[in-house]
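1. Got a sequence here, can you build the structure:
(one chain, ligands or ions: 2)
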Amino acid sequence: MTNIRCSSCGFAEDFRFGIGMRHSSLERCLGEFSYWERQELEAMMEEKEVADYHFCFQLTQCQTCLHLRSRPYIEFLFTDGSRAHSELRCTECRSENVRLIPEEWLDTARCPFCREKGLEKENIGMWD
Ligand SMILES: [Zn+2]
Ligand SMILES: [Zn+2]
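-> Residues are numbered from 1 along each chain as shown. Ligands and ions are numbered 1, 2, ... in the order given. Predicted coordinates for the structure are as follows:
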């Protein structure tokens, strides 16, 4: 778990993201997605044959409402060399303008409450 906090307003929440989630099978990875997301992914997999895939939990932020969320993210590499990835639609406002926030870009993300840039992270996994 990673605790994300805002240095301006005191917003703080725990998120699960980054590498460290090792999934043994594609089946288990797909199980992390919601029903509708899984339908879309399965449609992609029916169209083309998956050669490889990369799955992890990613921190994402909606650029419309600034909703911050960690969510499952999968990228497929197909046997024909093309790639596709899971949709990132905001669960709050349904906007498709959602971007991934890599940890090193956290300081460029805005706080969902006060809208200031100044998010910080603290790894709390070592206290487990
Ligand atoms: Zn704030
Ligand atoms: Zn949104």
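2. Just give me how far the least confident helix or strand in the chain by mean pLDDT sits from the chain centre.
-> When each helix and strand of the chain is scored by mean pLDDT, DSSP states H and E, strand 119-123 comes last, with a mean of 86. Centre-to-centre, strand 119-123 and its host chain are 16 Å apart (CA atoms, centre = their mean, to the nearest Å).
3. Also stretch 97-108?
-> That offset, for stretch 97-108, works out to 10 Å (CA atoms, centre = their mean).
4. Disregarding residues adjacent in the polypeptide, which is nearest to Leu106?
-> Leaving aside its sequence neighbours, Leu106 sits nearest to Leu119 (CB to CB, 6 or more residues apart in numbering; 5.2 Å). The C-beta positions use only the backbone N, C-alpha and C, and glycine is treated the same way.
5. Enumerate the beta-bridge partners assigned to Cys56.
-> Tyr73 (DSSP bridges).
6. about what we covered before: I'd assumed Asp107 was in contact with the residue nearest to Leu106.
-> Yes. Assessed by CB atoms under 8 Å, Leu119 is found in contact with Asp107 at 6.7 Å.
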